[in-house]
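Novice: fold the stuff below for me.
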Amino acid sequence: MLIKTFSSAVYGINATIIAIEVNISAGTQYFIVGLPDSAIKESTFRVESALQNANYRMPRQKIVINLAPADIKKEGSSYDLAMAIGILAASGQINSDKLKDYLILGELSLDGGLQPIKGALSIAVQARKEGFKGIVLPASNAREAAIVDNLEVYGLSNITEVIQFFNAEKDFDIVKIDTRAEFQKNINNYEFDFADVHGQENIKRALEIAAAGGHNVILIGPPGAGKTMLAKRLPSILPPLNLHESLETTKIHSVAGKITAASSLMTIRPFRAPHHTVSDVALVGGGGNPQPGEISLAHNGVLFLDELPEFKRSVLEVLRQPLEERQITISRAKLTVDYPASFMLIASMNPCPCGYYNHPDKDCVCSPAVVQRYLSKVSGPLLDRIDLHVEVTPVDFQKLTGHLVQENSRDIRDRVVMARGFQEERFEKNEKIHSNAQMGSKKVREICTVSLEGQTLLKNAMEKLGLSARAYDRILKVARTIADLGKSSSIETEHLAEAIHYRSLDRENWAG
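Specialist: Numbering: from 1, shown residues only. The predicted model follows:
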């Protein structure tokens, strides 16, 4: 008897429906075809054990299971449940009437329990798009899939419950999530706040500008000056995610298996801080079945690279294209996937190997050549894509122990949201540009016009401070953001002067 069940595979952040055809006929062999990987081939033992422990029998006949379309490679253990239900239906042990209406997913334990899967949200989206009535999956993935409305989501714990569902022996509750209520509930739930930071007003100002314009930042300063502490607080002043961004971010983390059973929707911007030993593939994504890397997990959020010169040069260089294109394409012989990678880069580094170059109190033991060699570990093309270079100095004792109330993240975020509002209006006709940092050279010339006095200031800065030509566009973009924060329709000389101040690493002889 031939029976069809339906499951799904995830490629990139999108899902594809997989039809699982089970045919039982005379014979004794067991075949799985349709480009299965080792995990799928090993499912034979999991399925047989799970059926026996649920008091059902594995047919002692010829069983052929085809995973269609047969020309796409199938990976992972999430097909176990669909194959087991197909075998039971094809051997007449359960009712097959409802199988055509539901996607079935889940890895089977030997005792029949259901283990969680990856990509439940993407699969649920595709199930609704393809017109399925509902989806049956492990209970730990139910809240994640239930974000999708107009779809019946059943989160079950073991194969016995799944059999009871298809035999209509027991009623199970549909898992429902009020997506908008869930989104609003945790939208301001940040662990870190700028109210905890004493002193460092100039760094707070630089991070506010970065957040307002979507600019990349590098913090340069001695150990213990607060670089990491400040970086961790950057997401708390970024504009809140909108529902579309939240769903897109959740899909990426779902595919990577980062969504917990207790959560359903990501409501705050991600903050990813990979260790400096991270590999190229771990950063950009990849593998036999390409998985999202750290830059995609930071999509719509912040990627923090602490101790930037300690990262391998090859790892840093792969960042250059995603910073411009805001997506990463991973190509394999039979598969190409695109992952979004629109993130803010914030990096930190010591000014020299000993860490105390330009320190107000401690002497640096590094020679100018050593300092220059250390700084040169970060390539010019990468620095070219970082708009703000900020020198961080230690906080003095009086400010550190003072009782002055510090401005909190919510107040800073209000100004950032206001500035982003101006930018949304400015770029409303261009779907690819949402912030000042995303402007190309042509758009910069069109939008960032300056007065004759401003042109003179820029000329003097280029000549006297030794600023490179590549810094010109960056200065104009940052100046436009500073003007937005000041509610100014034009770029004034004070806006340009502040923007020029944030180009430390472009200055000649900065390292002595």
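
Novice: can you list phi and psi of the closest residue to residue 485 other than its chain neighbours for me?
Specialist: Excluding its sequence neighbours, the residue lying closest to residue 485 (CB to CB, 6 or more residues apart in numbering) is residue 419, at 4.9 Å. C-betas here are computed from N, CA, C, even on glycine. With angles defined as degrees, to the nearest 10, residue 419 sits at phi -60, psi -40.

Novice: give me the low-pLDDT residue ranges for the stretch 1-150 of the chain?
Specialist: Within the stretch 1-150 of the chain, not a single segment meets pLDDT under 70.

Novice: please enumerate the strands of it.
Specialist: With strands called from DSSP state E, counting those that start in this stretch, the stretch 1-150 of the chain shows them at 2-11, 14-25, 30-33, 62-68, 102-104, 107-108, 114-115, 134-138.

Novice: dump the residue contacts of the residue nearest to residue 485.
Specialist: 212, 213, 481, 484, 485 (CB atoms under 8 Å, 6 or more residues apart in numbering).

Novice: among those residues, name the buried ones.
Specialist: 212, 213, 481, 484, 485 (16 or more other CB atoms under 10 Å).

Novice: quick check: which element contains the third one?
Specialist: This points to residue 481. Using DSSP states H and E, residue 481 sits within helix 471-485.

Novice: same check on residue 425?
Specialist: Counting by DSSP H and E, residue 425 is found in helix 409-426.

Novice: which helices and strands sit right next to the helix or strand just after that helix?
Specialist: Scanning forward in sequence from helix 409-426 by DSSP H and E, the next helix or strand is helix 441-447. Judged by 3 or more CB pairs under 8 Å, 6 or more residues apart in numbering; DSSP states H and E, helix 441-447 is in contact with helix 471-485.

Novice: and after the helix it packs on, which helix or strand comes next?
Specialist: For helix 471-485, the succeeding helix or strand toward the C-terminus, using DSSP H and E, is helix 493-501.

Novice: report the buried residues of that following helix.
Specialist: So, applying 16+ other CB under 10 Å, buried residues of helix 493-501: 493, 495, 496, 497, 498, 499, 500, 501.

Novice: C-alpha coordinates for that helix, CSV please?
Specialist: Taking C-alpha atoms only, helix 493-501 is exported to CSV below (Å, rounded to 0.1, in the frame of the first residue of the first chain):
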residue,chain,number,x,y,z
THR,A,493,30.3,73.5,10.2
GLU,A,494,30.0,72.3,13.8
HIS,A,495,28.5,69.1,12.6
LEU,A,496,31.4,68.6,10.2
ALA,A,497,33.9,69.5,13.0
GLU,A,498,32.5,66.8,15.2
ALA,A,499,32.4,64.2,12.4
ILE,A,500,36.1,65.0,11.6
HIS,A,501,36.9,64.3,15.2
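
Novice: which residues of the stretch 251-400 of the chain fall in strands?
Specialist: 271-272, 285-286, 291-292, 302-305, 327-331, 336-340, 344-349, 388-391.

Novice: gap between the residue most central in space within the chain and residue 480?
Specialist: Nearest to the geometric centre of the chain sits residue 297, at 2.2 Å (CA atoms, centre = their mean). Noted for residue 297: a distance of 30 Å to residue 480, by CB to CB, to the nearest Å.

Novice: do residue 157 as well
Specialist: Counting by CB to CB - residue 157 and residue 480 are separated by 55 Å.

Novice: which one's more surrounded, the two?
Specialist: Shown here are residue 157 and residue 480; by other CB atoms under 10 Å, residue 480 has more neighbours (28 against 14).

Novice: how about the CA coordinates for stretch 9-23, as PDB?
Specialist: C-alpha atoms of stretch 9-23 as PDB (Å, rounded to 0.1, in the frame of the first residue of the first chain):
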ATOM      1  CA  ALA A   9      13.500  20.800   4.700                       C
ATOM      2  CA  VAL A  10      15.100  24.200   5.300                       C
ATOM      3  CA  TYR A  11      17.600  25.700   2.800                       C
ATOM      4  CA  GLY A  12      18.900  29.100   3.800                       C
ATOM      5  CA  ILE A  13      16.100  30.700   5.800                       C
ATOM      6  CA  ASN A  14      13.300  29.300   3.600                       C
ATOM      7  CA  ALA A  15      11.600  26.000   3.800                       C
ATOM      8  CA  THR A  16      10.800  23.400   1.000                       C
ATOM      9  CA  ILE A  17       8.000  20.900   1.300                       C
ATOM     10  CA  ILE A  18       9.200  17.300   1.200                       C
ATOM     11  CA  ALA A  19       6.700  14.500   0.300                       C
ATOM     12  CA  ILE A  20       7.500  11.200   2.000                       C
ATOM     13  CA  GLU A  21       6.200   8.300  -0.100                       C
ATOM     14  CA  VAL A  22       6.000   5.000   1.800                       C
ATOM     15  CA  ASN A  23       5.200   1.800  -0.200                       C
END
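
Novice: that one: how far from the chain's middle?
Specialist: Relative to its parent chain, stretch 9-23 has a centroid offset of 23 Å by CA atoms, centre = their mean, to the nearest Å.

Novice: would you mark the buried spots in it?
Specialist: Applying a neighbour-count criterion of 16+ other CB under 10 Å, one finds 9-18, 20-23 buried in stretch 9-23.

Novice: between which two of these is the distance greatest?
Specialist: Of all pairs drawn from the buried residues of stretch 9-23, the widest gap by CB to CB lies between 13 and 23 and measures 33.1 Å.
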